[in-house]
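>>> Based on what follows, work out the 3D shape:
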Amino acid sequence: MCPKVVKWCGLIVAAIVAAGFSTTTAQRAEIDVVRQRQQDMKAMAAAAKNIDAMFKGTLPYDAKAFKAATETIRAHSGEKLSVLFEGSVTAEGSKASAGIEAERPKFDKLAADLGTYAAALSVAADRNPDVLALDMRMQGSDAKMGGPLAKRNPDVPDPKTMPAEHAFHLMLQICTSCHAKFRVLAE
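Numbers count the residues shown, from 1 in each chain. Below you'll find the model as predicted:
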């Protein structure tokens, strides 16, 4: 065989291998991002379950554990959450919908609001180091404030000033709203 043909064949094979490697590397990066999203979501879900159990009384109130759970949610929300869903969000193994790309501002707002409510819960833990106090509990009128997608009344209090239980329920509504809008349902 002609040395030039061998050289060209070698270059072509090298290019094909390199292209395959870079695709594999890109796929690995996507898989890593999807895994990170899933780990973060699982951490937030576990933290929310602990907070819920304390509000329900099935787990004794522990301000340090309550705060740690809220800080877990806060650490995985906001900008960190938004960054994990940048670019093309649909990837193998992901349940994220392309709607995130189409409605980026709405997704980013939900991610930021999640962090805001988690921060409010963290402040509540600091204010109540010994017991889950009555002022942390929702009162009858608190339910009339609406959810995270409701039209905002200018009289609605800052999340840090509302009862922690109400802030927690609003935070859960953000999770539910985000999943309903931006998560592909299993078939």
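>>> Okay, buried residues for the helix or strand hosting residue 65 please.
Using DSSP states H and E, residue 65 maps to helix 63-75. Judged by neighbour count (16 or more other C-beta atoms under 10 Å), helix 63-75 contains these buried residues: 63, 65-67, 69-75. Yep, even glycine has a C-beta here, placed from its N, CA and C like the rest.
>>> Which strands or helices does whichever helix or strand comes after it pack on?
Counting by DSSP H and E, the next helix or strand C-terminal to helix 63-75 is helix 78-84. The elements that helix 78-84 packs onto, with contact taken as 3 or more C-beta pairs under 8 Å, 6 or more residues apart in numbering; DSSP states H and E, are helix 3-56, helix 104-127.
>>> mean pLDDT lowest for which of these?
When those are ranked by mean pLDDT, helix 3-56 comes last with a mean of 75.
>>> quick one: contacts for the closest residue to residue 61 other than its chain neighbours?
Nearest non-adjacent residue to residue 61, counting by C-beta to C-beta, 6 or more residues apart in numbering: residue 132, 4.0 Å away. Going by C-beta atoms under 8 Å, 6 or more residues apart in numbering, residue 132 touches 54-55, 61.
>>> between the residues you listed, which is closest to residue 95?
residue 55 (27.6 Å; C-beta to C-beta).
>>> want to throw the buried residues of helix 63-75 into a markdown table with distance to residue 30 and pLDDT?
Shown next, in a markdown table, are these (distance: C-beta to C-beta, whole Å; pLDDT from 0 to 100):
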| residue | distance to residue 30 | pLDDT |
| --- | --- | --- |
| 63 | 40 | 97 |
| 65 | 35 | 98 |
| 66 | 35 | 97 |
| 67 | 34 | 98 |
| 69 | 30 | 98 |
| 70 | 31 | 97 |
| 71 | 29 | 98 |
| 72 | 25 | 98 |
| 73 | 25 | 98 |
| 74 | 26 | 97 |
| 75 | 23 | 97 |
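>>> Run through the residues that contact residue 91.
30-31, 33-34.
>>> If you could redo that for residue 114, that was the one I meant.
Going by C-beta under 8 Å, 6+ apart, residue 114 touches 73, 77-78, 81, 171, 174-175, 178.
>>> State the pair within those residues that is farthest apart.
Spatial extent of the contacts of residue 114 (C-beta to C-beta) is set by the pair 78 and 175 at 13.8 Å.
>>> Nearest spatial neighbour of residue 37, chain-adjacent residues omitted?
residue 84 (5.0 Å).
>>> if we can go back for a sec, show me which of the contacts of residue 91 are buried.
The neighbour count (16+ other C-beta under 10 Å) marks 30, 33-34 as buried among the contacts of residue 91.
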